[in-house]
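> just the structure for this:
(chains A and B, ligands or ions: 3)
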Amino acid sequence: MSTPASATLPHHTGFNLKEWILTTDHKRIGILYLIGSMAAFGVAGIMALLIRMEQAQVGAQLITDPTQYNRWLFFHGAVMILAFLIPGLTGFAANYFLPLMIGAKDVAFPRINAFSVWLFYFAIILALLSLVIPDGPDIMWTGYPPYSVTTMANTSFYVFTIHLLGFSSILGAINFLVTVIYMRAPGMGWNQLNMFVWTTVAAFVLQLVFIPVLAAAVTLLLFDKYLGTHFYDPSAGGDVLLYQNLFWFYSHPAVYVIFLPAVGILFEIIATMSKNRIFNYKIAVYGGIWGIIAIGGIVWVHHLYVAGMPDWLRLGMMVTTLLISVPVGLLVMSLWGTLYKGAITYNVAMMYAAACLYLVLVGGLTGIPLALPSLTLHLSDTSFVHAHFHFIMALFSAFALFGGIYYWFPKMTGRLADSKMAVVSFWCNFIGVNVTFWPLFIIGLEGMPRRYWNYEMFPQFQPYHEVATAGAFLIGIGMLLQFINFIYAAINGPIAEDNPWKSKSLEWTHCPNPPGPGNFPEDVVVDENWTPYNYNTD
Amino acid sequence: MRRLETTLSGIFLGTLGSAFVAASAFAEGTGADGSADGFPDPAAGWDHLWKEVLTDITVIGVVFMIAALYMLIKFRAKSPDQVGGGRKLTAAQAVAWALIPASLFMADDFFLAANGWTQWNVQRRVPANAMEIKVTGQQWYWSFEYPDGTETDQLVVPIGQPIVLRMSSDDVIHSFGMPAYRVTEDVMPGRITYIWFNPDKPMDTVVTCREFCGMNHSVMYTKVRAVPQKDYEAWLKKQAAAG
Ligand code: HEM
Ligand SMILES: [Cu+2]
Ligand SMILES: [Cu+2]
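Residues are numbered from 1 along each chain as shown, chains lettered A, B, ... in the order given. Ligands and ions are numbered 1, 2, ... in the order given. This next block holds a predicted model:
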């Protein structure tokens, strides 16, 4: 296992825009996804600040027309999920690192990969356009009919955005599943894969199975609105709940598409930074990851607990939802166990990982009351729900993704990010999310509804909203510093060693920073004793 | 051999313990009952269940957080070349480390499910003497129809009697949320949904819309007043005369 000299590979020379746009190199495609998803995060983050400013006090603060607020909220939710986290975790992180981790020279279908990223950019452009067209969508990211059909707003923009992203994701899923099945380095067995590879494989399986259902749901919406069909119209024999069932049949698994790769990144950071093997690897993979996949498809009714579903079905899905705690618990045991007797070194990536251990507890445990229909009967669509899903999905995964960016920054750029600035922005973000979202748990319990720009019936909540808004601005400052740091360091940061964290994973041991075309100077072969985590041989 | 024995007995005890916790939860669940006037109060039941769940998740959260903090501090590397000392688990240890936590999690799940189930039955079983009021949601207001046919835009109910709301919508989906009584249920075109509650003391609160329903979703609210029977009758008479 030699550390390759960076000079032995043909390097990309200089910056050439055409080369980037027409690239079929999975690493450049990964970077394109990263840029797109971070741009999406930036714009959707500005929307979050506008939303929070509007909510800071009772009555109108910024808007003259509530529809304006509803469009911001639609954009924030839809873009954060569909254009930031899913493409950030799969399009960027899996694209760049999955082939490196399995010792492959590229993905199975590089041109299809390029096509996927183009579709993603078209989708982002469409999503951005929906902000500026005069009748932009105001239907929330869930787009429930009949409202989404009867509104004057242009629902089709959202539907086509979903089509493009869905198509892009399905192509990506096929591409990466084939890559993992057929292109692993000679000698690499299934039980030697990185945790990140396993979690993204699981996420791609979910995308492949469930996206078509979402596509069908929104296509019928389009038909109902523009072609006069009545799939969701009860006055003509349709069913309003059909949409919600189809939508959540996809969108619940979609939270695992976000959650699992984030867990995978955490495993990579924690194992590397504590120089330790994954605790109970096989159980984490086959019980934890695949356990989630096994049950994850039969819990969607927990999003419809107060939607008039039959009582027996609500109780049945209460049990399946609670049982998700078993595979998630196994993953948690493994994460915690990987710290045990570790030799932990701290840097910003590890700080983000440690923060994630806290975020996953807060977010996961507040899901337990929401798993009970009896408690959701009061909590449904309050800001308690809003705080819960931000902790478990939005913040946990965003923190894991940012931790991953710091972790892989030297790999992608050959340079190091400024650690002082990174630590400052970390603390802004970490304190900020607590200040923003804890108050929302409290007023949610008192009945503060979600998706409200005005809460004149509950003036007593105003101080909580003021605090939450201040917290959001702290996050805003943290993120701004972070992006400045990333951009500056990518161009001017100090040069990093080849394997600065002394990782044993192939992306660090077998290729230069950044890897050139073809990834590895020599073909990678591993033996049966190799694992990405064999720091000690006991 | 020793190791295998300890492992297996651990699994056995874990499973037994979880079965016991679950069984006692069911036993306790079936015994739970409510208020003095003969029917259980769903709002009090909600508060009780919430306290139980909150305790449960707080304990789990604190235990795991302390464990994480302890390890994050304790296992810092002493030198840059140090490697971790985590051992490879034997097959028996690996299985035990899966089955014991899994059975504990499951025991807790079943415990909560049993209590949730009991409370759910209270929430969904409408007492026979409940007074029925029809609710209609519209963009963007609520209307109420009383047993005598009177229609109003506020919900006024007599205390000391369970109230059941039969709800529907004239346009899009809304959701009828009354935090003071711990109930919410969606209100849809083409379907009738219900909730019931038990106003037991005079109180002025609000109902808000909890499902996004368009431009004025945030201001789709009205007053809910629980008043003594006599005041209720007088109020209803006045409304009927006005309407
Ligand atoms: C990091 C700072 C963030 C802040 C301050 C923030 C703030 C907010 C606010 C104020 C709302 C509206 C709540 C309401 O009135 O109901 C909201 C909704 C939402 N946010 Fe965030 N958010 C952040 C990050 C994220 C991220 C990273 C995601 C990624 C998935 C996300 C996903 C959502 C979703 C799905 C909604 C629901 C939209 C809807 O109701 O349709 N947010 N957020
Ligand atoms: Cu879900
Ligand atoms: Cu509404």
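> ok, now which ones touch the residue nearest in space to the middle of chain B?
Nearest to the geometric centre of chain B sits residue B:46, at 6.0 Å (Cα atoms, centre = their mean). Taking Cβ atoms under 8 Å, 6 or more residues apart in numbering or on different chains, we find residue B:46 in contact with A:374-375, A:377-378, B:119, B:123, B:182. Where you see a C-beta, it was placed from the backbone N, CA and C, and this is true even at glycine.
> one more: residue A:432?
A:471-478.
> low-confidence ranges in chain B?
B:1-39 (pLDDT under 70).
> could you chop it up by domain?
Chain B breaks down by the TED database into domains covering B:42-75+B:93-124, B:131-241.
> centre of the chain to the last one, how far?
Same thing as domain B:131-241. Distance of domain B:131-241 from its chain centroid, counting by Cα atoms, centre = their mean, to the nearest Å, is 20 Å.
> that one near ligand 3 anywhere?
Yes. Judged by Cβ under 5 Å from the ion, domain B:131-241 comes into contact with ligand 3 at B:174, B:209, B:213, B:217, B:220.
> backbone dihedrals for whichever residue of chain B sits closest to ligand 1, please?
Nearest to ligand 1, among the residues of chain B, is residue B:212, at 7.0 Å (Cβ to the nearest ligand atom). Dihedral angles of residue B:212 (phi, psi; degrees, to the nearest 10) stand at phi -60, psi 130.
> ok, the one 10 residues further on next?
Geometry field for residue B:222 lists phi and psi as phi -150, psi 170, criterion degrees, to the nearest 10.
> what bridges to it?
Bridge pairing for residue B:222 (DSSP bridges) gives the partners residue B:207.
> report the contact partners of it.
Per Cβ under 8 Å, 6+ apart, neighbours of residue B:222: B:141-142, B:153-155, B:206-207.
> using PyMOL, define a selection of the buried residues within the residues you listed.
Buried residues among the contacts of residue B:222 (16 or more other Cβ atoms under 10 Å in any protein chain shown), as a PyMOL selection:
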select buried, chain B and resi 142+155+206+207
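> please enumerate the strands of chain B.
For chain B, applying DSSP state E gives strands covering B:131-138, B:141-145, B:151-152, B:155-158, B:163-169, B:174-178, B:183-187, B:193-197, B:203-209, B:221-227.
> export these to a markdown table and tack on distance to residue B:84?
Shown next, in a markdown table, are the strands of chain B (distance: least, Cβ to Cβ, whole Å):
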| stretch | distance to residue B:84 |
| --- | --- |
| strand B:131-138 | 59 |
| strand B:141-145 | 61 |
| strand B:151-152 | 69 |
| strand B:155-158 | 62 |
| strand B:163-169 | 58 |
| strand B:174-178 | 50 |
| strand B:183-187 | 49 |
| strand B:193-197 | 54 |
| strand B:203-209 | 53 |
| strand B:221-227 | 56 |
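> to which secondary structure element is residue A:375 assigned?
helix A:373-379 (DSSP states H and E).
> how about that helix, does it get close to chain B?
Yes. Counting by Cβ under 8 Å from any Cβ of the partner chain, chain B is contacted by helix A:373-379 at A:373-375, A:377-378.
> can you pick the most crowded of the residues you listed?
residue A:374 (29 neighbours; other Cβ atoms under 10 Å in any protein chain shown).
> need the contact list for it.
Counted by Cβ under 8 Å, 6+ apart, residue A:374 has contacts B:45-46, B:49, B:116-117, B:119-120, B:123.
> now the two most distant members of these.
B:46 and B:117 (14.0 Å; Cβ to Cβ).
> before we move on, the earlier item: which of the contacts of residue B:222 sits closest to residue B:164?
Distances from residue B:164 to these, taken by Cβ to Cβ, are shortest for residue B:155, at 12.5 Å.
> so the helix or strand residue A:46 falls within, near ligand 1 or not?
Here residue A:46 sits within helix A:26-55, counting by DSSP H and E. Yes. Using Cβ under 6 Å from any ligand atom, helix A:26-55 comes into contact with ligand 1 via A:48, A:51-52.
> ditto for stretch A:128-142
Yes. Counting by Cβ under 6 Å from any ligand atom, ligand 1 is contacted by stretch A:128-142 at A:140-142.
> between those, which is closest to chain B?
Ranked by distance to chain B (Cβ to the nearest Cβ), the residues of stretch A:128-142 next to ligand 1 are led by residue A:140 at 5.0 Å.
> got the contact list for the residue nearest to residue A:119 when sequence neighbours are not counted?
Using Cβ to Cβ, 6 or more residues apart in numbering or on different chains and skipping residues adjacent in sequence, the residue nearest residue A:119 is residue A:168, 3.8 Å away. Contacts were defined as Cβ under 8 Å, 6+ apart; by that measure residue A:168 touches A:91, A:116-117, A:119-120, A:123.
> again with residue B:173
Here residue B:173 is in contact with A:144, A:146-147, A:240, B:186-189, B:211, B:213 (Cβ under 8 Å, 6+ apart).
> was I right to think residue A:325 contacts residue A:368?
Yes. At 7.2 Å, residue A:325 counts as touching residue A:368 under the criterion of Cβ atoms under 8 Å.
> quick one: name the residues of the stretch 51-200 of chain A near ligand 1.
Counting by Cβ under 6 Å from any ligand atom, the stretch 51-200 of chain A sits next to ligand 1 at A:51-52, A:73, A:76-77, A:80-81, A:85, A:140-142.
> widest-spaced pair of those?
A:52 and A:142 (20.3 Å).
> burial count for residue A:465?
By the criterion of other Cβ under 10 Å, residue A:465 has 22 neighbours.
> would you say it is within a strand?
No. Counting by DSSP: H, G, I helix; E, B strand; the rest coil, residue A:465 falls outside a strand, being helix.
> so what's the closest residue to it other than its chain neighbours up against?
Take residue A:465 and drop its neighbours on the chain: the residue closest to it by Cβ to Cβ, 6+ apart is residue A:55, 5.1 Å away. Residues near residue A:55 by Cβ under 8 Å, 6+ apart: A:452-453, A:455, A:465, A:468-469.
> leaving out the residues flanking it, which one is nearest to whatever residue of the stretch 151-300 of chain A ends up closest to chain B?
Proximity of the stretch 151-300 of chain A to chain B (Cβ to the nearest Cβ) peaks at residue A:234, 2.5 Å away. Distances taken as Cβ to Cβ, 6+ apart place residue B:190 nearest to residue A:234, at 2.5 Å, with adjacent residues excluded.
> so who does that neighbour touch?
A:234-235, A:239-240, B:168.
> how about JSON lines for these, with neighbour count, distance to residue B:129 and secondary structure added?
Formatted as JSON lines, the contacts of residue B:190 follow (neighbours: other Cβ atoms under 10 Å in any protein chain shown; distance: Cβ to Cβ, whole Å; DSSP: H, G, I helix; E, B strand; the rest coil):
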{"residue": "A:234", "neighbour count": "16", "distance to residue B:129": "32", "secondary structure": "helix"}
{"residue": "A:235", "neighbour count": "9", "distance to residue B:129": "35", "secondary structure": "helix"}
{"residue": "A:239", "neighbour count": "17", "distance to residue B:129": "34", "secondary structure": "coil"}
{"residue": "A:240", "neighbour count": "25", "distance to residue B:129": "32", "secondary structure": "helix"}
{"residue": "B:168", "neighbour count": "16", "distance to residue B:129": "23", "secondary structure": "strand"}
